[in-house]
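> Dropping the sequence and predicted coords here.
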Amino acid sequence: MRVALTSVLPVDLATVAGAHGVGRAVVVPTAADGLADRDDIVGPVIAAAGGLAAEVDVLDLATASADDVDERVGAAEVIVVGGGDPFALLTAIQRTGFDRAVREAVARGTTYVGISAGATTAGPTLAPLVDVSPFDPPTGLGMGAMAVVPVLVLPHDDRPGRRALHARALRRWGRDTSMLALADDEHLIVGDDGWRLVRSDRTALRPARPTDASGIAATFTAAGRAEWSAFLGVERMADLEPPVDAWADRIDGGGSDHLVVAEIAGRIAGVVWVRPPIEGTESGEGEVAALYTHPETWGRGLGRRLLDLGLDQLRAHGCDEAVLFTEERNARPRRVYERAGWRTDGTIRERPFLGAPLREVRYRLAL
């Protein structure tokens with residue numbers, strides 16, 4: 001199974017689709033029907049599909065019959081569904097049975113590529129889009145979507161105003177619907193082994209697996225030596241051993257904790273670990289328990305992206321605030337947090353580390 005979901009048309013559709021030299025691609029332009037910029041939306045998608053496949057079949061669900069859909073989707077090796085109005089697209093999907101045809105095709109090994117509206121309708125429901133989309137659903141439309149994947153994409157996360165809308169949707173709907181916000185330079189690959197969010201620089205972010213423990217521990221150690229040697233001493237930090245068992249326990253810990261890793265060329269380059277409130281409590285406060293990136297990646301925005309993913313997980317658990325602790329002499333990460341709107345709340349935590357005292361300040365952020 002391979003499903004690729006993206007906010008905008010990828011520059012290299014073949015790479016995103018994971019396919020080259022395809023015989024037949026079906027392109028669905030329906031979401032753009034009736035829009036003033038329809039040609040600007042649809043034309044590039046058809047052209048990109050033409051660079052991917054020997055034959056391109058343009059299937060407009062607005063005029064197609066259910067039999068047409070079954071026959072043409074059944075013959076496709078790649079299905080590409082473009083952007084526009086997601087609710088208009090969903091209306092046509094439900095009328096023609098396109099959702100069933102796509103699920104059956106993907107189960108056979110056909111690749112699905114969804115762009116913007118085509119990405120959102122691949123998920124389980126469009127209900128959260130009522131809070132986000134510039135389009136309005138028609139009266140009486142059922143919000144159940146294709147359910148090709150178990151996650152709803154929130155596209156265009158980096159466009160003006162979208163981040164705040166997505167944060168609100170996550171808080172309102174996140175307990176019932178799994179959601180991931182995508183910037184315009186990112187795409188989401190969903191396969192049999194789960195999901196990977198791939199950035200334009202080829203960095204992949206995904207949920208941590210038990211086999212990641214040693215890579216996470218190595219990243220933690222490299223970051224600690226680079227950051228803490230200035231105030232704990234180079235010799236002391238040289239004694240820091242990668243805490244593989246501790247990270248393995250965190251990955252296998254169960255409960256509602258979430259760990260997401262960043263991976264570059266198969267190597268772990270960062271991790272965020274967040275802890276929502278204990279189930280059954282009334283606390284609205286979640287914790288960013290750890291955030292580390294390898295020193296080789298500093299300055300690329302990787303830590304900020306990991307942090308955003310972690311905070312979205314807390315929002316989905318209903319948290320209205322997040323807290324984190326960091327060593328008060330830890331100047332670089334403190335600048336990162338403060339630029340992102342975090343503020344200290346006066347709480348101090350002291351603990352020993354490698355035989356030296358640490359003094360950690362607590363930061364707080366409204367979600």
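Nice, I can see it. Note that this is a predicted model, so its numbers are computed, not measured. Residues are numbered from 1 along each chain as shown.
> Please make it C-alpha for all contacts and neighbour counts, starting now.
Fine.
> can you give me the helices for the stretch 51-200 of the chain?
Applying DSSP state H, counting those that start in this stretch to the stretch 51-200 of the chain gives helices spanning 66-74, 86-96, 98-108, 117-120, 162-173.
> Can I get these in CSV including distance to L314, mean pLDDT and mean neighbour count?
Formatted as CSV, the helices of the stretch 51-200 of the chain follow (distance: least, C-alpha to C-alpha, whole Å; pLDDT from 0 to 100; neighbours: other C-alpha atoms under 10 Å):
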stretch, distance to L314, mean pLDDT, mean neighbour count
helix 66-74, 38, 97, 17
helix 86-96, 27, 98, 22
helix 98-108, 31, 97, 18
helix 117-120, 21, 98, 29
helix 162-173, 8, 96, 19
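> Reformat those as a markdown table; add distance to G266.
Below are the helices of the stretch 51-200 of the chain laid out as a markdown table (distance: least, C-alpha to C-alpha, whole Å):
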| stretch | distance to G266 |
| --- | --- |
| helix 66-74 | 34 |
| helix 86-96 | 35 |
| helix 98-108 | 26 |
| helix 117-120 | 26 |
| helix 162-173 | 29 |
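> Ok, which of the ones you listed comes nearest P138?
P138 lies closest to helix 86-96 among the helices of the stretch 51-200 of the chain, at 7.3 Å (C-alpha to C-alpha).
> Just want the angle from that closest one to helix 98-108.
In terms of direction (axes from the mean of the first three to the mean of the last three C-alpha atoms, to 10 degrees), helix 86-96 departs from helix 98-108 by 80 degrees.
> and helix 86-96, how far from the chain's centre?
Counting by C-alpha atoms, centre = their mean, to the nearest Å, helix 86-96 is centred 24 Å from the centre of its parent chain.
> and what of stretch 43-59?
27 Å.
> quick one: G215 from T293, how far?
G215 is 11 Å from T293, where distance means C-alpha to C-alpha, to the nearest Å.
> Which neighbours do the two have in common?
Jointly contacting G215 and T293 under the rule C-alpha atoms under 8 Å, 6 or more residues apart in numbering are A269.
> So between those two, which is more surrounded?
More neighbours surround T293 than the other of G215 and T293, with 25 against 21 (other C-alpha atoms under 10 Å).
> what are the bridge partners for that one, then?
Under the criterion DSSP bridges, T293 forms beta bridges with G270.
> Wait, it touches I264, no?
No: applying C-alpha atoms under 8 Å as the test, T293 and I264 come out as separate, 11.5 Å apart.
> ok, D345 - contacts?
By C-alpha under 8 Å, 6+ apart, D345 lies in contact with R362, Y363, R364.
> Assign it to helix, strand or coil.
Classification of D345 by DSSP: H, G, I helix; E, B strand; the rest coil places it in strand.
> Check the gap between T139 and F87 for me.
Relative to F87, T139 is positioned 11 Å away (C-alpha to C-alpha).
> what's the answer for L5, then?
Taking C-alpha to C-alpha as the measure, L5 falls 17 Å from F87.
> Now do the top helix by length along the chain: distance to the chain's middle.
As assigned by DSSP state H, the longest helix anywhere in the chain is helix 213-232. Put simply, helix 213-232 sits 26 Å off its chain's centre (C-alpha atoms, centre = their mean).
> Count the residues that sit near V81.
Using other C-alpha under 10 Å, V81 has 27 other residues around it.
> Revised request: answer the last question for G233.
By other C-alpha under 10 Å, 12 other residues sit near G233.
> In contact with G270, which residues?
I216, T219, V261, A262, E263, L291, Y292, T293, H294, L302, G303, L306.
> what does the model give T281 for pLDDT?
T281 is assigned 56 on the pLDDT scale.
> What of E55?
Here the pLDDT value assigned to E55 is 96.
> ok, back up a step: pick the one among the contacts of G270 closest to D57.
Of all these, E263 has the smallest distance to D57: 36.1 Å, by C-alpha to C-alpha.
> Tell me how many other residues surround that closest one.
Using other C-alpha under 10 Å: E263 sits among 20 other residues.
> and what of A19?
A19 has 14 nearby residues by other C-alpha under 10 Å.
> Same question for G82.
Neighbourhood size, G82 [other C-alpha under 10 Å]: 30.
> My read is that it contacts Y112, right?
No: G82 is not in contact with Y112 according to C-alpha under 8 Å; the separation is 11.1 Å.
> And S178, how far from A169?
Distance of S178 to A169, given as C-alpha to C-alpha: 11 Å.
> Let me know the average pLDDT across stretch 148-158.
On average, stretch 148-158 scores 97.
> tell me which residues of it are tucked away?
V148, V149, P150, V151, L152, V153, L154, P155, H156, D157 (16 or more other C-alpha atoms under 10 Å).
> what's the first-to-last distance across that stretch?
End-to-end distance of stretch 148-158: 25 Å, with C-alpha to C-alpha as the criterion.
> Now the most centrally placed residue in the chain. Nearest residue, chain neighbours left out?
Closest residue to the average C-alpha location of the chain: L180 at 4.1 Å, with C-alpha atoms, centre = their mean. Once flanking residues are discounted, L180 sits nearest to V153: 5.1 Å by C-alpha to C-alpha, 6 or more residues apart in numbering.
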